[in-house]
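> give me a 3D structure for the following:
(4 chains)
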Number of protein chains: 2
Amino acid sequence: MAASPSIEASAVSVPAPGLAGNRGSLWLDRPSTAQRVADALRERMWCGELQAGAQVGELQLTVALGVSRNTLREAFQILIGERLLTREPHRGVFVRRLTADDVRDVYAFRRLVECAAVGHPAQPRGLVEMRTALKEGQTAARRKAWHDVGTADVRFHMGVAALGGSARLDRVMRALFAELRLAFQLVPDPRALHEPFLSLNAEIYALAEQGDSSRASLRLRAYLDEAEAVIVAAVEGG
Amino acid sequence: MAASPSIEASAVSVPAPGLAGNRGSLWLDRPSTAQRVADALRERMWCGELQAGAQVGELQLTVALGVSRNTLREAFQILIGERLLTREPHRGVFVRRLTADDVRDVYAFRRLVECAAVGHPAQPRGLVEMRTALKEGQTAARRKAWHDVGTADVRFHMGVAALGGSARLDRVMRALFAELRLAFQLVPDPRALHEPFLSLNAEIYALAEQGDSSRASLRLRAYLDEAEAVIVAAVEGG
DNA sequence: GCATATTTGTCCGTATGTATA
DNA sequence: CTATACATACGGACAAATATG
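So this is what the prediction gives:
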């Protein structure tokens, strides 16, 4: 059985919604306990603390997070809906493990959507997101912080999607990258995974910025083909 | 307050997961109770029995569906994740009411995605889906069953999306249409909503089938612009 | 503005069925 | 095969917030 990473001693630290404090706050930013638990678990998956295939048992988490089973199960439903967790009936809840076909489908989707977004940009604001993400990635690479390079890469392509000018697309892509991150962590060498794409992203940005949509779309496709191959290999190899 | 449509006397009829029967079934198709409740509610929204803005009270539904409050709340989380329900803290759960901006965003997304799919079709199997949906719509129109015409229209454009060749795209579009249906039902005259698009869909299909991707993409864009205007007007008028 | 009733948010206890050692 | 552990689902309890008179 997959070693379930220790999750002890980390209660959800935000004040519970039914308690004191929060005076004056008009319920505007008061996520429910289930929502905060889901956020906490999502964060743990994003940073690699909870890895693909790991079981997230109900009992352990109730004591670790200090919430009831009911609340925890609500949080599970949220994350199952986001396809970050999967439920095996009467066996438990597990961090999703992407198959090679899952990864291929992710990249089929990205090819369609990202290439369309750079091909017919509707929201130039995405360009600034791309630019800042690009710089982030470059400085992170100088620090040899490859995990951060990967985060910047995700942010860069969120910027690409933002060119589409649709909030829904932004949401869908955010969810997609959260899933994909689960597969990233199966790649043994994070440097080999993220470093080669820095220059490709720079090319894509330059072309998009100077309005050469069709050439940008072509380079983007090259990026996606390469990245898909790397991740598929990692998923199949592991 | 929006009249909450009667939901009485309609318990979730599938055998509960922890009971007899199901012998030999290896848990393959055994959705949890929460999942079945969510399916039931989704169906009621799809067919218009539960309308946008209606409150779905916990107590009424627990007695109507014969499930516990905990289970019902799990189902709520599923549907909230699909953006079919919204939660107003300490006030209740309501069927989502789309704003004009929501509708505009839906169509921005559809323009990007559907036009890309017909523009660079990767999965010709979508064409057969389009064709059957087209016929369905035409026969439904002869019967003056405008609700069915709308369903066929959705199916037609699911076929368009299927041209993209991505299971994820199919899922996203299915969720999108479930949302959009909530807005469809605000349009007073369902005939005026769906009938004009029959011929446009036929045009799009013909062009796509004979491989004229760019012209198909143009007609599709015309469809989406027109449909957006109709729905936005209905949402703003209501 | 205040007191009350209703509903939500959250927790706990428990019974039953399933999977696994 | 039995026993243990755990998931599923239900029902009750209580505090907090909202709605109502």
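
> buried ones in whichever strand or helix holds residue A:220?
Per DSSP states H and E, residue A:220 falls inside helix A:213-237. Neighbour-count burial for helix A:213-237, counted by 16 or more other C-beta atoms under 10 Å in any protein chain shown, picks out A:213, A:215-221, A:223-224, A:227-228, A:230-232, A:234-235. Placement of C-beta: from N, CA and C, glycine included.

> now for that helix, which elements pack on it?
helix A:100-119, helix A:167-184, helix A:190-194, helix A:196-209 (3 or more C-beta pairs under 8 Å, 6 or more residues apart in numbering or on different chains; DSSP states H and E).

> now the angle from that helix to helix A:196-209?
Note on geometry: by axes from the mean of the first three to the mean of the last three C-alpha atoms, to 10 degrees, helix A:213-237 and helix A:196-209 are set 160 degrees apart in direction.

> where's the most centrally placed residue in chain A relative to residue A:232, distance?
Central residue of chain A (C-alpha atoms, centre = their mean): residue A:178, 2.1 Å from the mean position. Counting by C-beta to C-beta, to the nearest Å, the gap from residue A:178 to residue A:232 is 19 Å.

> same check on residue A:40?
From residue A:40 to residue A:232 the distance is 30 Å (C-beta to C-beta).

> go ahead and confirm residue A:99 touches residue A:231.
No: taking contacts as C-beta atoms under 8 Å, residue A:99 lies outside contact range of residue A:231: 11.4 Å.

> how much space between the residue nearest to the centre of chain A and residue A:188?
For residue A:178, the distance to residue A:188 - C-beta to C-beta - is 21 Å.

> repeat that for residue A:145.
17 Å.

> list the contacts of stretch A:66-85.
Here stretch A:66-85 makes contact (C-beta atoms under 8 Å, 6 or more residues apart in numbering or on different chains) with A:11-12, A:32-35, A:37-38, A:41-42, A:45, A:56, A:58-59, A:61-62, A:65, A:86-87, A:93-96, A:175, A:178-179, A:182, B:34, B:70, B:73-74, B:77-78, B:81-82.

> among those, which ones are buried?
A:12, A:32-35, A:37-38, A:41-42, A:45, A:56, A:61-62, A:65, A:93-96, A:175, A:178-179, A:182, B:34, B:70, B:73-74, B:77-78, B:81-82.

> which of those come close to DNA strand D?
Here is what survives when these are matched to DNA strand D using C-beta under 7 Å from any atom of the strand: A:93, B:34, B:70.

> pLDDT score assigned to the first one?
According to the per-residue confidence, residue A:93 scores 97 in pLDDT.

> contacting residues for it?
Contacts of residue A:93 were listed using C-beta under 8 Å, 6+ apart, and they are A:55-58, A:76, A:80, A:85-87.

> can the helix or strand hosting it be said to contact DNA strand C?
Using DSSP H and E, the element containing residue A:93 is strand A:92-95. No: residues of strand A:92-95 are not located near DNA strand C by C-beta under 7 Å from any atom of the strand, the shortest gap being 8.9 Å.

> what's the closest non-adjacent residue to residue A:156?
Once flanking residues are discounted, residue A:156 sits nearest to residue A:133: 3.9 Å by C-beta to C-beta, 6 or more residues apart in numbering or on different chains.

> how much space is there between that neighbour and DNA strand C?
Residue A:133 sits 34 Å away from DNA strand C, going by C-beta to the nearest atom of the strand, to the nearest Å.

> how about residues contacting the strand or helix carrying that residue?
Per DSSP H and E: residue A:133 is located in helix A:125-142. The contact list for helix A:125-142 (C-beta under 8 Å, 6+ apart) reads A:117, A:121, A:146, A:148-149, A:151-153, A:155-156, A:158-165, A:194-195, A:198, A:201-202, A:204-205, A:208-209.

> buried ones among those?
Using 16+ other C-beta under 10 Å as the burial test, those include A:117, A:121, A:146, A:148-149, A:151-153, A:155-156, A:158-165, A:194-195, A:198, A:201-202, A:204-205, A:208 as buried.

> follow-up on the earlier one: C-terminal to the helix holding residue A:133, what's the next element?
helix A:146-162.

> helices or strands up against that next one?
Applying 3+ C-beta pairs under 8 Å, 6+ apart, one finds that helix A:146-162 contacts helix A:100-119, helix A:125-142, helix A:167-184, helix A:190-194, helix A:196-209.

> any chance of these in JSON lines, plus mean pLDDT and distance to residue B:107?
Shown next, in JSON lines, are the helices and strands packed on helix A:146-162 (pLDDT from 0 to 100; distance: least, C-beta to C-beta, whole Å):
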{"stretch": "helix A:100-119", "mean pLDDT": "98", "distance to residue B:107": "15"}
{"stretch": "helix A:125-142", "mean pLDDT": "98", "distance to residue B:107": "19"}
{"stretch": "helix A:167-184", "mean pLDDT": "98", "distance to residue B:107": "10"}
{"stretch": "helix A:190-194", "mean pLDDT": "94", "distance to residue B:107": "36"}
{"stretch": "helix A:196-209", "mean pLDDT": "97", "distance to residue B:107": "24"}
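
> which of those is buried the deepest?
Highest mean neighbour count among the helices and strands packed on helix A:146-162 (mean count of other C-beta atoms under 10 Å in any protein chain shown): helix A:100-119, with a mean of 22.

> got the angle between it and helix B:146-162?
Helix A:100-119 runs at 90 degrees relative to helix B:146-162, counting by the same axes, to 10 degrees.

> do helix A:100-119 and chain B meet at all?
Yes: applying C-beta under 8 Å from any C-beta of the partner chain, one finds helix A:100-119 touching chain B at A:105-106, A:108-109, A:112-113, A:115-117.

> with just CA atoms, put that helix into PDB.
Extracted in PDB, the C-alpha atoms of helix A:100-119 (Å, rounded to 0.1, in the frame of the first residue of the first chain):
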ATOM      1  CA  ALA A 100      -1.000   7.700 -19.900                       C
ATOM      2  CA  ASP A 101      -4.400   8.100 -21.700                       C
ATOM      3  CA  ASP A 102      -5.400  10.700 -19.100                       C
ATOM      4  CA  VAL A 103      -2.200  12.700 -19.900                       C
ATOM      5  CA  ARG A 104      -2.700  12.400 -23.600                       C
ATOM      6  CA  ASP A 105      -6.200  13.700 -23.200                       C
ATOM      7  CA  VAL A 106      -5.000  16.600 -21.200                       C
ATOM      8  CA  TYR A 107      -2.700  17.600 -24.000                       C
ATOM      9  CA  ALA A 108      -5.300  17.100 -26.700                       C
ATOM     10  CA  PHE A 109      -7.400  19.600 -24.800                       C
ATOM     11  CA  ARG A 110      -4.500  22.000 -24.300                       C
ATOM     12  CA  ARG A 111      -3.600  21.900 -28.000                       C
ATOM     13  CA  LEU A 112      -7.100  22.700 -28.900                       C
ATOM     14  CA  VAL A 113      -7.600  25.500 -26.400                       C
ATOM     15  CA  GLU A 114      -4.300  27.100 -26.000                       C
ATOM     16  CA  CYS A 115      -3.500  27.200 -29.700                       C
ATOM     17  CA  ALA A 116      -6.900  28.700 -30.300                       C
ATOM     18  CA  ALA A 117      -6.300  31.300 -27.600                       C
ATOM     19  CA  VAL A 118      -2.900  32.500 -29.000                       C
ATOM     20  CA  GLY A 119      -4.300  32.200 -32.600                       C
END
